[in-house]
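Chemist: Make a model of this:
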Amino acid sequence: MFTRRSFLHSSFLGTFGLTLSPGSLNIHTGKHKAVEAKMNDFPIVVSTWPHGLDANKAALEVLSSGGTSLDAVEKGVMVSEADPLITSVGYGGFPDAEGNVTLDACIMDDKSNCGSVAYLQHIMHPISVARLVMEKTPHVMLAGQGALEFAMEHGFTREDLLTDQARLAWETWKSGREEAKEPWEDHDTIGMLAIDSKGMLAGACTTSGLAFKKPGRVGDSPIIGAGLFVDNEVGGAVATGTGELVMKTLGTHLVVELMRSGMDPGKACREAIKRVIQKCSPAAEHQVGYLALSSSGEIGACSILPGFSYAAGVGQENYMHWSDFVEKED
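Modeler: This next block holds a predicted model:
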């Protein structure tokens, strides 16, 4: 039967032009354990969605040359930010309701230092601006015009980020035509976690947010504890999907705290997804996914609906994996 869930799954495949089979995608059928990774088998990098494969590749190049996890996650997600074919991140991201591309990002290192930017326009790599906020200011977040001015003061170039593809999608949406994408359907944020050869953990998250969102809207991606949280003693987590639901439950912080209490990453992600479903009605009509990496190298993921996948780079391997998901009746 063709259900909303199967529609979301087929839409996910069509978006990336993929025909996935057990040979091309490691199909996860267990409840909690999503991918085999040996304990302390570093470096490791994981990231959300199929565009995470190329992002992981860039991050692994940094890690294989002895680079830090912080450098790796920044360089990794920059690949997605610069790709005009990815309509939910950086250059190529779908605009808000007024046709403006606005970007959110955050980054966090092994010492709990963090930085973020929200509602940033005209800068292709918000993740790099977020890192500068962390390293060059006493603040955690800069937003809007202040974030743009800060970026330009540090050598970033103002650019037009609205691609022809994104402009056409926006015009179609404005016209109300039947084929127009609904805002809630475009939320394939890239979140990345990495452990370097020294066992240090870092994470990054970057997005253009919901397509055609209300001007001024900021989602979970630049919020520490919502879109991203890292504790080097425990592990880290990143979120993707409808940000409002993630913010209402501080999802990634919850995942890490559940891991601190002894849960493995897969079970922690599953419990956090169940919290969304319990607290945020009608959560079952939206997609939220969590991806977690423990400090010892265990990987786990879970989502509300089927169709969420993630890329895992362990050793010489870098493959896609299906996430576990929580049925409505669970």
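Chemist: Can you pull out the low-pLDDT segments for the stretch 201-330 of the chain?
Modeler: Along the stretch 201-330 of the chain, segments meeting pLDDT under 70 span 283-284, 328-330.
Chemist: which SS class is residue 128?
Modeler: Classification of residue 128 using DSSP: H, G, I helix; E, B strand; the rest coil returns helix.
Chemist: so it sits right up against residue 74, yeah?
Modeler: Yes - Residue 128 sits in contact with residue 74 when judged by Cβ atoms under 8 Å, with a separation of 6.4 Å. C-beta: built from backbone N, CA, C; applies to glycine.
Chemist: and the closest residue to residue 41 other than its chain neighbours, how many neighbours does it have?
Modeler: Leaving aside its sequence neighbours, residue 41 sits nearest to residue 297 (Cβ to Cβ, 6 or more residues apart in numbering; 5.5 Å). For residue 297, the neighbour count with other Cβ atoms under 10 Å is 20.
Chemist: if I look at residue 297, how far off is residue 58?
Modeler: Distance of residue 297 to residue 58, computed by Cβ to Cβ, to the nearest Å: 20 Å.
Chemist: quick check, residue 237 in a strand?
Modeler: Yes - counting by three-state DSSP, residue 237 falls inside a strand.
Chemist: list the contacts for it?
Modeler: By Cβ atoms under 8 Å, 6 or more residues apart in numbering, the contact set of residue 237 is 193, 203, 228-229, 251-252, 255-256, 259, 265, 268-269, 272, 290-293.
Chemist: Mutual contacts of residue 128 and residue 74, please.
Modeler: Between them, residue 128 and residue 74 share no contacting residue, judged by Cβ under 8 Å, 6+ apart.
Chemist: Phi, psi for residue 159 please.
Modeler: Backbone torsions of residue 159, given as degrees, to the nearest 10, read phi -130, psi 160.
Chemist: where do the strands sit along the stretch 151-300 of the chain?
Modeler: Remark: strands assigned in the stretch 151-300 of the chain by DSSP state E, counting those that start in this stretch are 190-195, 201-207, 228-231, 235-241, 288-294, 299-303.
Chemist: quick check: angle from the fourth one to strand 201-207?
Modeler: Read it as strand 235-241. 10 degrees (axes from the mean of the first three to the mean of the last three Cα atoms, to 10 degrees).
Chemist: For strand 235-241, which strands pair with it and how are they oriented?
Modeler: strand 228-231 (antiparallel), strand 288-294 (antiparallel) (DSSP bridges).
Chemist: Mind listing residues that contact the first one?
Modeler: This means strand 228-231. Contacts of strand 228-231 (Cβ under 8 Å, 6+ apart): 106-110, 112, 114, 191, 193, 201-205, 221, 236-239, 252-253, 255-256, 260, 295.
Chemist: Quick one, which of the residues you listed are buried?
Modeler: With burial judged by 16 or more other Cβ atoms under 10 Å, the buried subset of the contacts of strand 228-231 is 106-110, 114, 191, 193, 201-205, 221, 236-239, 252-253, 255-256, 295.
Chemist: Nearest approach to residue 161 belongs to which of the strands paired with strand 235-241?
Modeler: strand 228-231 (22.0 Å; Cβ to Cβ).
Chemist: Off-centre distance for that closest one?
Modeler: 13 Å (Cα atoms, centre = their mean, to the nearest Å).
Chemist: cool, stretch 44-51 as well?
Modeler: Centroid separation for stretch 44-51 versus its chain: 9 Å, with Cα atoms, centre = their mean.
Chemist: Next: stretch 315-322.
Modeler: With Cα atoms, centre = their mean, you get 17 Å for stretch 315-322.
Chemist: In that stretch, which residues are buried?
Modeler: For stretch 315-322, by 16+ other Cβ under 10 Å, it's 318, 320, 321, 322.
Chemist: Sticking with the first one, tell me its helix or strand.
Modeler: This points to residue 318. Here residue 318, judged by DSSP states H and E, is contained in strand 317-322.
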